[in-house]
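Asker: turn this into a model:
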Amino acid sequence: MTTSVITAPPADPASGPEPRTTARWFRPGFLGVLVLAGLVDLWDVGANGDANAFYAAAVQASTRNPMAWLFAAVDAPGFITVDKPPADNWWMGLGANLFGFSSWSMLIPQAVLGIATVALLVLTVRRWSGPGAALVAGVVLALTPVAVIMFRFDDPDPMLTFLLVAAAYALVRAVDAAARRAGTWWLVACGALVGLGFLAKMGVAMLAVPAFALVYLVAAGVPWRRRIGQLVAGLVGIVVGAGWFLALVEEWPASSRPWIGGSTDNSLLQLSVGYNGLSRIVGRSGGGPGGPGGGPGRGGAPGGFAGFGGQAGFGRMFSAEFGGQIAWLLPAALLALVALLWVSRQAPAGDRLRAAALLWGGWLVVSGAVFSFMEGIVHSYYTIVMAPPIAALVAIGAREAWVRRGDAAARITAAVGVLGTAVWSAVLLRRSPTFLPWLPGTVLAAGVLAALLIVVPTVLARRAGVVGALVLGLVATLGGASAYAVDTVVTPHAGTEASAGPTVRDQGGARFAGRASQNRGGRPGAGGPGGFGGGFDGRGTDPQVVALLRGAGTQWAAATPTTMAAAGLELASDTAVMGLGGFSGSDPTPTLPQFQADVSGHLVRYYVTPTTTGAAGGRGFGGFGGRGAALAPIQSWVQAHYTPTRVGAETVYDLTAAPRP
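Answerer: Take a look at the predicted model:
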């Protein structure tokens with residue numbers, strides 16, 4: 001095999017290695033890719049309702065109080081925040097403030113992030129690998145199932161993914177302009193974007209940083225001393241991008257801002273290190289301070305929590321829970337990474353093919369390894385940050401195989417990639433036997449035929465042979481993922497565990513993903529599994545409870561264990577509800593004296609104890625983790641001094657009534 005076609009940058013490094021005279025088909029092709037991304041991300045996105053009610057409630061609160069918008073408080077008065085930083089809430093809150101809170105005003109901004117992420121990936125890949133690879137990368141990303149579901153959802157992951165791809169674009173520009181002052185500023189911009197990614201989902205934003213640093217050290221055409229100095233400038237960008245808000249939280253008087261949800265000491269820094277940091281990696285019971293972090297945990301178990309993530313290890317990304325979300329092209333991407341590093345092994349120091357392999361490959365390997373071996377809670381939708389590097393590697397690998405099609409080794413490698421992807425796609429599709437039962441055989445047959453056409457050298461010398469290999473190859477490599485993507489678009493989704501595609505089963509018969517968390521009979525979440533009043537969406541809450549809260553007339557219509565339960569009540573009743581103890585009921589807030597003061601000040605009207613299975617009260621006091629040390633005294637005090645009343649399916653205490661002695 002020959003070495004890299006793209007080596008050192010051109011005379012004008014600011015323009016990148018690709019000439020400005022781009023092929024005439026690139027612009028219409030680029031437009032087509034954006035239209036595809038727009039279709040899958042925007043089509044009937046409002047059907048997802050409130051999606052994840054936990055974050056939807058914060059968006060709703062943002063329309064009523066600038067403080068709630070700034071800190072991402074779950075409730076408008078600002079009692080407690082979500083258990084993540086607020087960058088995603090800032091973005092969705094803008095749409096809700098401009099157009100009023102609704103499913104569309106909340107989710108369209110997320111879809112816009114999806115389209116923008118695809119566009120940035122195309123522009124990034126194009127600079128070092130040409131227009132063809134760039135367009136293929138955009139198509140692959142747009143059709144990756146986990147990307148489809150998340151860019152139609154209100155979790156922080158879309159914002160994080162967008163910012164990381166933007167940072168990768170800035171890095172590529174920095175490498176191309178390293179010899180000029182602009183290179184330093186592009187690297188600072190790269191760091192600042194990573195820092196903003198930290199404000200979307202904390203430490204996950206750092207998974208791409210080792211690859212970014214390695215690429216600049218290897219490929220920047222400046223002396224080593226200057227490279228290191230520029231990387232330090234990039235590090236300053238990270239600190240500034242994230243640190244300004246960390247400092248703001250620390251300096252803001254704690255008494256006049258919401259409690260930082262998920263923290264043990266009302267600190268965003270502690271949240272990043274503990275609840276959303278080491279707890280996720282080493283797997284403390286509950287994933288956080290005495291309870292689960294970032295999701296409804298179900299107790300601690302080595303190698304992953306029951307129902308979330310499964311067994312830690314190399315096989316996690318290929319499991320029933322994760323495989324259909326991200327792994328369709330993962331083997332092909334890893335094969336492409338090895339091949340790209342091999343063919344560029346003797347290339348000059350500034351070789352852009354090797355730089356691209358290190359950029360996307362390093363990002364993929366680090367993030368994949370972390371997600372695979374995390375001992376704490378890990379959700380399948382976290383893997384959206386692996387989608388851009390997978391798309392880029394597959395696209396660049398395909399381009400290099402085409403450029404080297406006269407080389408037998410390149411043809412064999414490409415054929416192995418296509419056939420292997422087809423076989424793996426058939427395995428993934430057969431995990432859901434009732435979903436398009438004809439598709440696994442079709443994909444497999446297309447893969448066999450495409451591999452045969454690719455291997456034979458005379459076939460690719462003819463136009464008909466190229467067209468045949470291309471069509472069959474697309475069916476073999478993208479057929480299964482595209483079917484999952486379409487199924488995701490046309491099926492409403494809601495809940496805390498967003499998954500693309502149909503329900504699948506593992507070898508033990510356990511159900512994962514897709515329709516297990518959907519409700520086709522009405523608004524997503526209404527009457528579905530889990531949540532308060534029958535749905536995390538909150539719209540299935542008993543109408544008698546809704547009417548009661550709407551007539552409360554107090555700052556908080558009610559208090560209830562956990563912000564997850566409070567979010568559902570808020571969305572259903574359009575009132576503010578105090579979520580005691582944070583997401584899982586384990587946060588040490590409020591104390592009993594604080595709650596008693598709020599009751600005495602007539603700030604809270606009702607205390608609602610959820611009785612439906614799946615909500616906080618359905619598993620014992622203290623929420624999902626069952627460790628509500630701060631909540632148990634409140635529960636006992638309420639039960640001892642106020643009379644319970646059955647309202648619909650829930651138990652309600654009127655805190656404005658005269659307390660019993």
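Asker: all strands of the chain, in order?
Answerer: 504-505, 511-512, 556-561, 577-580, 604-609, 644-647, 650-654 (DSSP state E).
Asker: I figured V455 hits V416, correct?
Answerer: No: the pair V455 / V416 is not scored as a contact, 9.5 Å apart, by Cβ atoms under 8 Å. Any C-beta I mention is one placed from the backbone N, CA and C, and that applies to glycine too.
Asker: adding distance to F435 and mean neighbour count, write the strands of the chain out as CSV.
Answerer: Shown next, in CSV, are those (distance: least, Cβ to Cβ, whole Å; neighbours: other Cβ atoms under 10 Å):
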stretch, distance to F435, mean neighbour count
strand 504-505, 8, 21
strand 511-512, 13, 20
strand 556-561, 38, 27
strand 577-580, 37, 30
strand 604-609, 40, 24
strand 644-647, 41, 14
strand 650-654, 37, 20
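Asker: nearest to G93, out of those?
Answerer: strand 577-580 (18.3 Å; Cβ to Cβ).
Asker: just checking, what packs against the closest one?
Answerer: strand 556-561, helix 563-573 (3 or more Cβ pairs under 8 Å, 6 or more residues apart in numbering; DSSP states H and E).
Asker: can you give the distance of the longest one from its chain's centre?
Answerer: Centre-to-centre, helix 563-573 and its host chain are 23 Å apart (Cα atoms, centre = their mean, to the nearest Å).
Asker: same question for the shortest one.
Answerer: The chain centroid and the centroid of strand 556-561 are separated by 30 Å under Cα atoms, centre = their mean.
Asker: neighbouring strands for it, and are they parallel or not?
Answerer: strand 577-580 (parallel), strand 604-609 (parallel) (DSSP bridges).
Asker: of all those strands, which one is nearest A597?
Answerer: Counting by Cβ to Cβ, A597 lies closest to strand 604-609 out of the strands paired with strand 556-561; the figure is 10.2 Å.
Asker: could you list the residues in contact with that closest one?
Answerer: With contacts defined as Cβ atoms under 8 Å, 6 or more residues apart in numbering, strand 604-609 is touched by 545, 548-549, 552-561, 565, 569, 577-578, 595, 598, 617, 635, 638, 642, 644, 650-656.
Asker: same list, the strands of the chain, but as TSV with mean pLDDT please.
Answerer: Listed next are those as TSV, based on pLDDT from 0 to 100:
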stretch	mean pLDDT
strand 504-505	81
strand 511-512	61
strand 556-561	96
strand 577-580	96
strand 604-609	95
strand 644-647	94
strand 650-654	95
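Asker: possible to save those as JSON lines with distance to A332?
Answerer: Putting the strands of the chain into JSON lines (distance: least, Cβ to Cβ, whole Å) gives the following:
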{"stretch": "strand 504-505", "distance to A332": "21"}
{"stretch": "strand 511-512", "distance to A332": "23"}
{"stretch": "strand 556-561", "distance to A332": "47"}
{"stretch": "strand 577-580", "distance to A332": "44"}
{"stretch": "strand 604-609", "distance to A332": "51"}
{"stretch": "strand 644-647", "distance to A332": "56"}
{"stretch": "strand 650-654", "distance to A332": "51"}
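Asker: helices of the stretch 101-250 of the chain, start to end?
Answerer: Ranges of helices within the stretch 101-250 of the chain are 103-143, 145-150, 157-176, 181-201, 209-219, 224-251, based on DSSP state H, counting those that start in this stretch.
Asker: which of the ones you listed sits most buried?
Answerer: helix 145-150 (a mean of 31; mean count of other Cβ atoms under 10 Å).
Asker: now for that one, which elements pack on it?
Answerer: In this structure, helix 145-150 packs against helix 103-143, helix 157-176, helix 323-326, helix 463-490, with contacts taken as 3+ Cβ pairs under 8 Å, 6+ apart.
Asker: and the longest one, how far from the chain's centre?
Answerer: If I follow you right, that is helix 103-143. 15 Å.
Asker: N65: neighbouring residues, count only.
Answerer: 17 (other Cβ atoms under 10 Å).
Asker: report the rounded mean pLDDT for stretch 121-138.
Answerer: In this model, stretch 121-138 has an average pLDDT of 97.
Asker: tell me which residues are up against that stretch.
Answerer: 6, 16-18, 22-23, 25-26, 29-30, 33-34, 37, 118-119, 141, 165, 168-169, 172-173, 176, 352-353, 355-356, 388, 391-392, 394-396, 398-399, 402.
Asker: where do the helices sit along the stretch 251-400 of the chain?
Answerer: 268-273, 323-326, 330-343, 352-373, 387-403.
Asker: buried ones in the longest one?
Answerer: Of the residues in helix 352-373, those buried by neighbour count under the rule 16 or more other Cβ atoms under 10 Å are 352-368, 370-372.
Asker: again, but for the first one
Answerer: Going by neighbour count (16+ other Cβ under 10 Å), the buried part of helix 268-273 is 268, 270-272.
Asker: just checking, Q270 touches G261?
Answerer: No: using Cβ under 8 Å, Q270 makes no contact with G261, being 11.8 Å away.
Asker: okay, the closest residue to L548 other than its chain neighbours and H602: tell me how far apart.
Answerer: Spatial nearest neighbour of L548, excluding adjacent residues (Cβ to Cβ, 6 or more residues apart in numbering): V647 at 5.7 Å. Taking Cβ to Cβ, to the nearest Å as the measure, V647 falls 20 Å from H602.
Asker: output the lowest mean pLDDT helix or strand found in this structure.
Answerer: Counting by mean pLDDT, DSSP states H and E, the weakest-scoring helix or strand in the chain turns out to be strand 511-512, with a mean of 61.
Asker: A481 contacts T144, correct?
Answerer: Yes: look at A481 against T144 with Cβ under 8 Å: they come within range, at 6.4 Å.
Asker: identify the contacts common to these two.
Answerer: 328-329.
Asker: I'd like the strands paired with strand 556-561 as a markdown table, with distance to V188 appended.
Answerer: Putting the strands paired with strand 556-561 into a markdown table (distance: least, Cβ to Cβ, whole Å) gives the following:
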| stretch | distance to V188 |
| --- | --- |
| strand 577-580 | 39 |
| strand 604-609 | 47 |
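Asker: which among the ones you listed is found nearest to A208?
Answerer: Comparing the strands paired with strand 556-561 by Cβ to Cβ, strand 577-580 comes nearest, at 33.0 Å.
Asker: contacting residues around the closest residue to R605 other than its chain neighbours?
Answerer: Spatial nearest neighbour of R605, chain neighbours left out: A552 (3.8 Å); criterion: Cβ to Cβ, 6+ apart. When contacts are counted by Cβ under 8 Å, 6+ apart, A552 touches 558, 575, 605-606.
Asker: tell me the one among those nearest to T491.
Answerer: The nearest member of the contacts of A552 to T491, counting by Cβ to Cβ, is T575 at 30.6 Å.
Asker: so who does the closest one touch?
Answerer: So T575 contacts 549-550, 552, 556-558, 569 (Cβ under 8 Å, 6+ apart).
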